[in-house]
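J.: Kindly generate the corresponding structure for this input.
(one chain, ligands or ions: 1)
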Amino acid sequence: MYSVRIKICGVQDPFTAEAAALAGADAVGMVLAPGRRQVSPEQARAICQAMPPLVARVGVFVDAPADEVRQIACYCGFDLVQLHGRESPAYCRSLGLRCLKGVAARSRQALEQADNYPVAALLVDTYLPGRVGGTGQPFDWRLLENLPLKLPFILAGGLHPGNVGRAVALLRPYGVDVSSGVEVNGQKDLQLIKTFIKRAKEVSYHAAG
Ligand SMILES: O=C(O)c1ccccc1N[C@@H]1O[C@H](COP(=O)(O)O)[C@@H](O)[C@H]1O
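T.: Residues are numbered from 1 along each chain as shown. Next up is the predicted model:
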């Protein structure tokens, strides 16, 4: 029975995290890497503590030292870490944590190579030179069409309530992940979050047959 999993990322406060979880999100992501959505470990810990059970708490890192990732993940209580930089398979293996690996959708070959990572899932995001993530720009989803990946993949990059249904219907991804597409003026919007979740789940239900 196919049911798409939904991650809301770039959350910066406990209220939004709890509201997203109660709206049906399967995971909530917090960005520990430098950027406009960055939260401190203390803020991420407070967000994790505010979340209801059975919703995955994900810390997003970009090329951070392994010891730092381990220490922050333990302090915050992350269920998963998302590695969105140039982290190697050996780095992921050395962490001893459950990982999602961010992968830039540059080519089918790049995605096939990423399929060998020792991680729980790939998070396939838009490739924009000089940017690491959170771009709000979609990529050509045909890159993923009929691509025989062993790892589950989570579709990211420029998703929003108006296109997530088409993406789920086309690719039937293990999950979808959104940051910019549920924001208004750079702030998370609860109505957009609810609509995003509703649209994704609706199409997923019908795609399940
Ligand atoms: O969201 C960010 O600011 C961010 C910063 C550094 C690494 C990853 C980041 N976000 C990830 O990118 C995807 C796609 O973002 P968007 O929906 O296109 O805005 C997001 O879901 C995060 O996993």
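
J.: CA atoms for contacts and neighbours, from now on please.
T.: OK.

J.: I'd like to know which elements the host helix or strand of Arg93 is packed against.
T.: Here Arg93, judged by DSSP states H and E, is contained in helix 89-95. Helix 89-95 sits against helix 66-76, with contacts defined as 3 or more Cα pairs under 8 Å, 6 or more residues apart in numbering; DSSP states H and E.

J.: Buried residues, stretch 91-110. List them.
T.: 92, 97-106 (16 or more other Cα atoms under 10 Å).

J.: Among these, which are located in helices?
T.: Among these, DSSP state H puts Cys92 in helices.

J.: among the buried residues of stretch 91-110, which two are most distant?
T.: With Cα to Cα as the measure, no two of these lie farther apart than Leu97 and Arg106, at 26.5 Å.

J.: For the helix or strand of the chain with the lowest mean pLDDT, what is the distance to the chain centroid?
T.: Here the helix or strand of the chain ranked lowest by mean pLDDT, DSSP states H and E is helix 190-207, holding a mean of 92. Centroid separation for helix 190-207 versus its chain: 16 Å, with Cα atoms, centre = their mean, to the nearest Å.

J.: Report all helices and strands that that helix contacts.
T.: So helix 190-207, by 3+ Cα pairs under 8 Å, 6+ apart, packs with strand 5-8, helix 14-22, helix 164-171.

J.: CA atoms only for it, dumped as PDB, please.
T.: The C-alpha trace of helix 190-207 is given here as PDB (Å, rounded to 0.1, in the frame of the first residue of the first chain):
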ATOM      1  CA  LEU A 190       0.600  26.800   8.600                       C
ATOM      2  CA  GLN A 191      -2.200  27.000   5.900                       C
ATOM      3  CA  LEU A 192       0.400  26.200   3.200                       C
ATOM      4  CA  ILE A 193       1.800  23.400   5.200                       C
ATOM      5  CA  LYS A 194      -1.700  21.900   5.700                       C
ATOM      6  CA  THR A 195      -2.500  22.300   2.000                       C
ATOM      7  CA  PHE A 196       0.800  20.700   1.000                       C
ATOM      8  CA  ILE A 197       0.200  17.700   3.200                       C
ATOM      9  CA  LYS A 198      -3.400  17.300   2.000                       C
ATOM     10  CA  ARG A 199      -2.500  17.500  -1.700                       C
ATOM     11  CA  ALA A 200       0.400  15.000  -1.300                       C
ATOM     12  CA  LYS A 201      -1.700  12.500   0.700                       C
ATOM     13  CA  GLU A 202      -4.700  12.800  -1.600                       C
ATOM     14  CA  VAL A 203      -2.700  11.900  -4.700                       C
ATOM     15  CA  SER A 204      -0.800   9.200  -2.800                       C
ATOM     16  CA  TYR A 205      -4.000   7.600  -1.800                       C
ATOM     17  CA  HIS A 206      -5.400   7.500  -5.300                       C
ATOM     18  CA  ALA A 207      -2.000   6.400  -6.700                       C
END
